[in-house]
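**Q** Please find the sequence and the predicted model below.
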Amino acid sequence: MPNTNNKQAEIQATLHVESSINAESEIQRRVQFLKAYLRYTGAKGYVLGMSGGQDSTLAGKLAQMAIDELNAESGKAACLFIAVRLPYGIQKDEEDAQAAIQFIAASRVVTVNIQSAVDASVRQFAEATGEALSDFHKGNVKARERMKVQYDLAAHYGLLVLGTDHAAEAITGFYTKHGDGACDVAPIYGLDKRQGKELLKWLGCPDHLYLKKPTADLEDLKPGLPDEEALGVSYVQLDDYLEGLPLPADVARRIEERYAMTEHKRRGPVTCYDTWWKG
Ligand SMILES: Nc1ncnc2c1ncn2[C@@H]1O[C@H](COP(=O)(O)OP(=O)(O)OC[C@H]2O[C@@H]([n+]3cccc(C(=O)O)c3)[C@H](O)[C@@H]2O)[C@@H](O)[C@H]1O
Ligand SMILES: Nc1ncnc2c1ncn2[C@@H]1O[C@H](COP(=O)(O)OP(=O)(O)OP(=O)(O)O)[C@@H](O)[C@H]1O
Ligand SMILES: [Mg+2]
């Protein structure tokens with residue numbers, strides 16, 4: 001039985017997903033937003049971790065477009081976008097990260113290897129508790145270390161931290177709380193995964209950067225684990241759900257269960273004034 005229910009419509013509206021988009025106007029709207037918010041804050045630009053994956057390629061490109069327009073309007077190179085490489089040791093798809101940075105033509109590239117910080121953290125945890133942090137939890141340490149480096153760069157250079165949260169990620173809560181989930185500005189929020197691809201295609205991005213399998217690539221023991229394998233649901237199914245299309249009832253139910261389970265990630269810290277968790 002196909003599923004089209006009120007919950008689906010409610011989630012689509014909450015996450016601001018349009019059933020169809022115009023790539024050119026979506027790009028314009030988001031670039032103008034990035035410019036306007038920078039003017040409002042007086043910050044000098046943006047910083048974002050570039051993994052070589054689809055989401056950071058798109059968010060980074062939009063940011064650089066905003067910076068280039070601001071600099072052209074002022075006639076000065078006053079604003080900048082820092083693309084930061086944050087490998088844990090040597091990254092297998094480093095070539096993709098470099099291709100993404102080249103496509104973006106980032107104002108500046110900084111590389112910080114997070115391995116020694118992450119390993120020190122994990123070692124201190126083991127010394128303090130007498131227990132080893134699991135490989136899965138170490139993955140979240142990597143994401144939080146990347147967040148810290150981006151905030152260091154933002155503080156030092158007067159920038160704002162970009163994030164890559166979008167609808168197909170928000171619906172599953174598939175990100176590390178206070179890791180890649182933490183940012184100041186989320187330029188691709190509201191788009192699903194196939195809409196992100198549409199924007200990159202329109203922007204002339206090399207197609208291997210948006211046709212590759214999305215991966216969080218956080219676990220030492222499961223390098224390059226595809227998100228879809230970890231989630232047990234495909235991006236096509238998530239996108240269909242978000243665009244209000246019919247899909248098998250058991251798939252919709254699994255998506256809705258995951259959405260409910262991760263509600264805490266889409267909210268601020270829960271306080272005694274909150275009632276959302278009471279059902
Ligand atoms: N009901 C609740 N109310 C309030 N807080 C709650 C809570 N349940 C857990 N928590 C807190 O949340 C923590 C768990 O959340 P979190 O630390 O995020 O950890 P968790 O959700 O367990 O793991 C993160 C997941 O996101 C994936 N990920 C991470 C980063 C990037 C990407 C990517 O696609 O690139 C994917 C990663 O592979 C993993 O599957 C708990 O330790 C607890 O502190
Ligand atoms: N190795 C890395 N170097 C720099 N930044 C990273 C790295 N890994 C993850 N990040 C940051 O964490 C974010 C979340 O990762 P995520 O995998 O969701 O996005 P992505 O890699 O850009 O795209 P995709 O989902 O298609 O893999 C990235 O967009 C990027 O900003
Ligand atoms: Mg990735």
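**A** Noted; the coordinates are in hand. Numbering: from 1, shown residues only. Ligands and ions are numbered 1, 2, ... in the order given.

**Q** ok, residue 92 - how many residues close by?
**A** Neighbourhood size, residue 92 [other C-beta atoms under 10 Å]: 13. Just so you know, the C-beta spots here come from the backbone N, C-alpha and C atoms, and that holds for glycine as well.

**Q** So the residue nearest the centre of the chain versus ligand 3, what's the distance?
**A** Nearest to the mean C-alpha position of the chain, by C-alpha atoms, centre = their mean, lies residue 164 at 2.3 Å. Shown here: residue 164 relative to ligand 3, a distance of 9 Å by C-beta to the ion, to the nearest Å.

**Q** what sits against residue 50?
**A** 56-57, 60, 83-85, 97, 100-101, 104, 106 (C-beta atoms under 8 Å, 6 or more residues apart in numbering).

**Q** so what's the residue nearest to the centre of the chain closest to, chain neighbours aside?
**A** In this structure, residue 164 finds its nearest non-sequential neighbour in residue 55, 3.8 Å apart by C-beta to C-beta, 6 or more residues apart in numbering.

**Q** name the element that neighbour belongs to?
**A** Using DSSP states H and E, residue 55 sits within helix 54-74.

**Q** Next, the buried residues of that helix.
**A** 54-68, 70-71 (16 or more other C-beta atoms under 10 Å).

**Q** Same question for stretch 202-213.
**A** For stretch 202-213, the neighbour count (16+ other C-beta under 10 Å) marks 203, 205, 209-210 as buried.

**Q** With stretch 185-202 instead?
**A** Neighbour-count burial for stretch 185-202, counted by 16+ other C-beta under 10 Å, picks out 185, 187-200.

**Q** out of those residues, who's nearest residue 135?
**A** Residue 135 lies nearest to residue 193 out of those, by C-beta to C-beta, at 26.0 Å.
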